[in-house]
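>>> Just a sequence and a predicted model for now, questions to come.
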Amino acid sequence: MATERVLRMKGGVGETSYTKNSLLQRKVMMKLKTIFEENVKQMMSNITSESCWRVADLGCSSGPNAFMFVSNILNIMDNASLSLNRVPLQIYLNDLFGNDFNTIFKLIPEFYQSIHQEKGDNFGSCFIHATPGNFYGRLFPDNYIHFFHSSYSLHWLSQAPKTWSNIAEPLNKGNVYITSTSPPSVYEAYLKQFNKDFNLFLTSRSEELISGGIMVLTFIGREKTKKFNNPAEVIGMVLNDMVQEGLVEEEKLDFFDLPLYGPTAEEVRQVIEAEGSFTIGTLKTMKIGWDANLEEDVDDSILDSKMRGEFTAKSMRAVLEPILSVEFGKDIMDELFLRFAKLVAQLIDELETLEYTNVVVSVTKDP
Ligand code: SAH
């Protein structure tokens, strides 16, 4: 099924919402602030004499992280150009149609108030827009945007890969993602889907970006030789146990795969170079623990594996519950994530670290 119809982070502001459980994604943005800042400044020096700056965040979701992007870019551009009062900044927040944009809209007045307090009353030239739509396709007019940002969104594929040979055979029996024991055909099918999607993303953005414009993209990647690259592998293990106990239908598990793919940095480079519209600036990887969804003032080192498992489960539930409950039913969600927390705790005891390998890439649109 197309991802655009089923994918959304858990909306609202409740205990299990994305709003309340996206500290991990927030920490990723904080860690990459310097790269972000350097690229915004570079873009401003590439493109001079504009009457309005237009920037977009792709896959903004519904929580406070969208405002972190907005306030970061506003501060950087304001400091870099004291004339921002006269040159308006238009900020476009994009996500899929099912995203809870209302939670964002309700936070806008508070945000405007805080920048007025911080920067004075004559600062009125920042306009926030919403752009609902699929970033695997066009979102803006030709030559329109100066700067694109996307964090923790591009590992979502437009759809789960299909079995190319025989539709009646499950591609990835007993799993919902690539694991270290998957046959090569599973990895190849995922890679094929990623190459197709990421190429479409790049061609769409290259039409929309002004020459000299920059994109900074961060997403979950993969290390080829690592055993657990993504918590989705553990979700598959839990679902398998639940099949054995008759709590989940075997066929459902066999035919369901998550529309996610973590590319290696090299796979990312190959697609960008083959597409041909951009020059790569930065391309690197950055690691962060699966359990980084912690309160900011908690010292990570004092936490035991049980708590780490629980943090990982909360963070994953806010992301995966909507899509998993369409497939497996709402009723099993509590049990699924309880078991997931326990299994992650056990794996932490055995392996000590469970980390995401994030790919960070910045590219400039060629003239
Ligand atoms: N950038 C935010 C949110 C990350 S969650 C943060 O860092 O916290 C990933 C978001 O990407 C989700 O809200 C999801 O709906 C969105 N997304 C996934 N595929 C998308 C697509 N094809 N087009 C637009 N948004 C997409």
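Great, that's in hand.
>>> Torsion angles phi and psi at the residue in the chain positioned nearest to the ligand?
Checking the chain residue by residue against the ligand with C-beta to the nearest ligand atom singles out Gly59 as nearest, at 2.8 Å. (Glycine included, C-beta is placed from N, CA and C.) Dihedral angles of Gly59 (phi, psi; degrees, to the nearest 10) stand at phi 80, psi 60.
>>> Same question for the one 5 residues further on.
Torsion angles at Pro64 (phi, psi; degrees, to the nearest 10) stand at phi -70, psi -10.
>>> what's the distance between it and Thr16?
Separation of Pro64 from Thr16 (C-beta to C-beta, to the nearest Å): 16 Å.
>>> quick one, which of those two is more surrounded?
Using other C-beta atoms under 10 Å as the criterion, Pro64 and Thr16 rank with Pro64 on top: 19 against 14.
>>> any idea of the pLDDT on the closest residue to Ser62 other than its chain neighbours?
With sequence-adjacent residues excluded and distances taken as C-beta to C-beta, 6 or more residues apart in numbering, Ser62 is closest to Asp100, at 3.9 Å. Asp100 carries a pLDDT value of 85.
>>> Any figure for the gap between Asp100 and Gly262?
25 Å.
>>> got it, and Ser277?
Using C-beta to C-beta, we find Ser277 at a distance of 24 Å from Gly262.
>>> Neighbour count for these two, which is higher?
Set side by side, Ser277 and Gly262 show more neighbours around Gly262, with 22 against 16, by other C-beta under 10 Å.
>>> The closest residue to Phe194 other than its chain neighbours: neighbour count?
For Phe194, ignoring the flanking residues on the chain, the nearest one in space by C-beta to C-beta, 6+ apart is Tyr261 at 4.3 Å. Neighbour count of Tyr261, defined by other C-beta under 10 Å: 29.
>>> ok, now which ones touch Tyr261?
155, 157, 178, 190-191, 193-194 (C-beta atoms under 8 Å, 6 or more residues apart in numbering).
>>> Give me the buried positions along the helix or strand containing Ala66.
If you go by DSSP states H and E, Ala66 is part of helix 65-80. For helix 65-80, a neighbour-count test (16 or more other C-beta atoms under 10 Å) marks 65-74, 76-78 as buried.
>>> can you give me the helices in the stretch 51-200 of the chain?
With DSSP state H, counting those that start in this stretch, the ranges of helices along the stretch 51-200 of the chain come out as 65-80, 101-119, 184-208.
>>> So what pairs up with the residue lying closest to Lys31 once chain neighbours are set aside in the strands?
Computed as C-beta to C-beta, 6+ apart, the closest residue to Lys31 that is not its neighbour in sequence is Met286, at 6.4 Å. With DSSP bridges as the criterion, Met286 is bridged to Asn358.
>>> Run through the residues that contact the residue nearest to Phe69 when sequence neighbours are not counted.
Excluding the flanking residues, the one nearest Phe69 by C-beta to C-beta, 6+ apart is Asp57, at 4.6 Å. By C-beta under 8 Å, 6+ apart, Asp57 lies in contact with 66, 69-70, 91-94, 149-151.
>>> now with 7 Å?
66, 69, 93-94, 149-150 (C-beta atoms under 7 Å, 6 or more residues apart in numbering).
>>> cool, and Val40?
73, 76-77, 147.
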